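Enquirer: here are the coordinates; sequence isn't available:
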């Protein structure tokens, strides 16, 4: 394939923020792109060569969109997998593959895949309906507390609930789900593994999610993770095992728990550029979006090491604010060294809506962490 | 001004490669953009919110384009300055200003400005017509050899000729020009100075242009320049003097000679992102395009230091090749650590046409220089 020719087209399913960041990198290589998204206001619209409005879950829409591209990828998991499989049969290079997406798209299937492949993960039980979970709790098959997870269409914390007493199950959708044992953990870690169709593999350093001591919410994504080298090595090894077992192509972000006994358990994975890799834009030799492109175009993978330490802070809408967004004190944080805001361009803010992120880079990770705290305490996403 | 609101628009005159790289950065801040370029195939077309086709030298076209934007900038100097001045009177923020552009647009005016402001520069004489240069040579007013430079519309080496004998003047356009003394120099250096309307100034490290030992052509742009710290300090100081004298806003790239006696002489300057700053995309805490935006939007300027050493190699069309472009061995150079190609997306190559650039970053500048030589010896821009 000659990617750098006018005959080549890369198709992307989903035109959101991740797609937009992939598109920046296609401009660097001058790769022609075509994007489909249900929203006519999708962020990708002004950065691709051709934009199509359409339903990503509709078989015909996805098939027709994909049949004349050379390589097809996605920036969101909720796409019609049957259409991807049909496109593969037509000779379209779909990366990651429909097989990969089938394993990951359904959380129950994903968890079963881990146990089938001896990949360490928290014990769980799969249920066809949430109503069955209640019965299992009643008859002692499942022990409180546990984590209920909807098998499908969970995204960014939706479809996940900690169940401490049986009443907590009330109001949950009666869908396919899993009940997962609650594992006390020291750290939540993530590793991005990349592979191209030739089979070259490149693994990013381990990142650490630092939680707010009270709110139990991720505050900082820190690279490199401040953990013992043996634990980091083990986390990278487990992530590569997941990647090998799946045989994926592209980026695979593997989220893991470091338990109190320093065991590594896989939580879940995502076959696409990931929030835990945003730090790489400023900190890494090769950012995750460029690496995803290199991988799916079967180009040599880039250097995954960091130039400097990187910390990412998500910009979420403040509580009590709904309406036209204002980034209060953004100019103050831009005065701090090594601070780069990324504004996603959503016009309306809502409490906890992801509106952007800020990256802090520094040669000294402790200094970066200090500046990150200052960023976090200064900028506010409010309504006007 | 609220840049992060849907009411704000940044206008850019010129839709070429530099504009495209400015546009990447506007996406990061979600700033709405409007671009004008004479070509309907301009690289910026697919990365801006609104594209207008039009002549940048036509008063009415530029005035009408600029009158409803909040901030107006340019990525090329050849634009109608009278229209910019009229827009300033209408209250549009034009950065850099029409005054800055008037000083720089005409090389004779620029050189006179340096001498008027005691900025060191090579001795020269201004002529209204090239025919007058011949007379001056005949009567001994100008001594051979010297450098003939057209006062207007010189770009990327066009409009510059070394005159060793009087016959070398034959065939040159009979236009306003200067005859500049040839100064033997050790190094060609450049410094980018940035200033915002508030008056904050930030200066990038000195970069060095390394020439091919025989071909007298720039092969590598190297940051930091491998020169004595005192010389670097002097070069930065002279660049800041130029910037102060002009009172510019935005990016100012100052090209200089380090003479054999370690004097610094200003060659010329450009009020926009510059080839000598491309290394900053991969190597600097704040790349020149983001910095230009920060400056013209009166935001705090970013950190101009480098994370790692950076070397840039221009990708120019190989001799003997005209037609549909092919980047031979691009995959080989992508295997090297810290190597990022930037392909400008021109479909046709011609000998010496600028088709892209490659950046090489490394913690060790000597290692970066080694890899840069390998890049230079491997990739070829040829026709298919």
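Expert: Perfect, thanks for sending it. Model, not experiment: these values are computed from the prediction.

Enquirer: now for the helix or strand residue A:104 falls within, which elements pack on it?
Expert: Secondary structure assignment for residue A:104, by DSSP states H and E: helix A:98-105. Counting contacts by 3 or more C-beta pairs under 8 Å, 6 or more residues apart in numbering or on different chains; DSSP states H and E, helix A:98-105 packs against helix A:81-89, helix A:107-116, helix A:229-246. Bear in mind the C-beta positions are built from the backbone N, C-alpha and C, glycine included.

Enquirer: redo that, cut-off 10 Å
Expert: Under the contact criterion of 3 or more C-beta pairs under 10 Å, 6 or more residues apart in numbering or on different chains; DSSP states H and E, helix A:98-105 touches helix A:81-89, helix A:107-116, helix A:229-246, strand A:250-259, strand A:264-270.

Enquirer: which parts of the third one are buried?
Expert: Neighbour counts using 16 or more other C-beta atoms under 10 Å in any protein chain shown place A:231, A:232, A:234, A:235, A:236, A:238, A:239, A:240, A:241, A:242, A:243, A:246 of helix A:229-246 among the buried residues.

Enquirer: next one: the second one
Expert: Buried residues in helix A:107-116, counted by 16+ other C-beta under 10 Å: A:107, A:108, A:110, A:111, A:112, A:113, A:114.

Enquirer: thinking again about what came up before, got CSV for the helices and strands packed on helix A:98-105, with distance to residue A:278 and mean pLDDT too?
Expert: What follows is the helices and strands packed on helix A:98-105, written out as CSV (distance: least, C-beta to C-beta, whole Å; pLDDT from 0 to 100):
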stretch, distance to residue A:278, mean pLDDT
helix A:81-89, 26, 98
helix A:107-116, 23, 97
helix A:229-246, 18, 97
strand A:250-259, 11, 98
strand A:264-270, 13, 97
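
Enquirer: can you tell me which of these is nearest to chain B?
Expert: Closest to chain B of the helices and strands packed on helix A:98-105 is strand A:250-259 (C-beta to the nearest C-beta; 16.6 Å).

Enquirer: relative to helix A:98-105, how tilted is that closest one?
Expert: 30 degrees (axes from the mean of the first three to the mean of the last three C-alpha atoms, to 10 degrees).

Enquirer: run the contact check for strand A:250-259 versus chain B.
Expert: No - interface with chain B: strand A:250-259 contributes nothing (C-beta under 10 Å from any C-beta of the partner chain), its closest point being 16.6 Å away.

Enquirer: so who does residue A:342 touch?
Expert: A:17, A:20-21, A:278, A:281-282, A:312, A:315, A:355-359, B:27-30 (C-beta atoms under 10 Å, 6 or more residues apart in numbering or on different chains).

Enquirer: at 6 Å what do you get?
Expert: For residue A:342, the contact set (C-beta atoms under 6 Å, 6 or more residues apart in numbering or on different chains) comprises A:356, A:357, B:28.

Enquirer: can I assume it sits in a strand?
Expert: Yes - counting by DSSP: H, G, I helix; E, B strand; the rest coil, residue A:342 is part of a strand.

Enquirer: what's opposite it in the beta bridge?
Expert: Residue A:342 has these beta-bridge partners by DSSP bridges: residue A:357.

Enquirer: what pLDDT does it get?
Expert: On the pLDDT scale, residue A:342 is placed at 95.

Enquirer: and it, how far from residue A:315?
Expert: 8 Å (C-beta to C-beta, to the nearest Å).
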